[in-house]
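next one to model:
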Amino acid sequence: MRFGSLAGEPPIPSRGERALAYTVPAIMESSDPTSATVHDTLIAAIHAGELVTLRFRSGVSAVVEPHLYGQRDGRARVLVYAYGAPPAGATSAWQFVDVAGLADVARWTGHTFQKRPIPPEYDAP
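Okay, here's the model as predicted:
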């Protein structure tokens, strides 16, 4: 199943092409009622270049810049840049986040960020 990320937009390119998302993440087919909200919020925030707060199922929250969203290693993931200091124990401010581990995503409407160049080790499909 393919989708356009916002109404009226063309479908997302196939895997291997640089895109915000490659296919419908498997989490979208789950019975989790937040999955569509998490998905839609991530897509909208990436398009708008807005900060988001990720709330993990563990209860931890993080403010991040979402950059790419799609399938990686067979799992729905979002590539984020940690806003402020990198997370404790992280070697880089860039992180792949498993979408299945998110309980909620909140956009910081109007709080935008400048798109950063994505390091090559995070840019490969």
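
check contacts around G101.
Applying C-beta atoms under 8 Å, 6 or more residues apart in numbering, we find G101 in contact with F56, R57, S58. In this view, the C-beta of every residue, glycine as well, is placed from N, C-alpha and C.

got phi/psi on it?
Backbone torsions of G101, given as degrees, to the nearest 10, read phi -90, psi 0.

and if you look at P120?
The phi/psi pair for P120 (degrees, to the nearest 10) is phi -60, psi -40.

how many other residues sit next to it?
Neighbour count of P120, defined by other C-beta atoms under 10 Å: 7.

just the pLDDT at it, thanks.
With respect to pLDDT, P120 scores 90.

from W108, how far off is it?
Note on P120: its distance to W108, by C-beta to C-beta, to the nearest Å, is 28 Å.

now D40
16 Å.

equivalent analysis for A85, please.
Distance of A85 to W108, computed by C-beta to C-beta: 18 Å.

more crowded one of the two?
Taking neighbours as other C-beta under 10 Å, A85 and W108 compare with W108 leading, 15 against 8.
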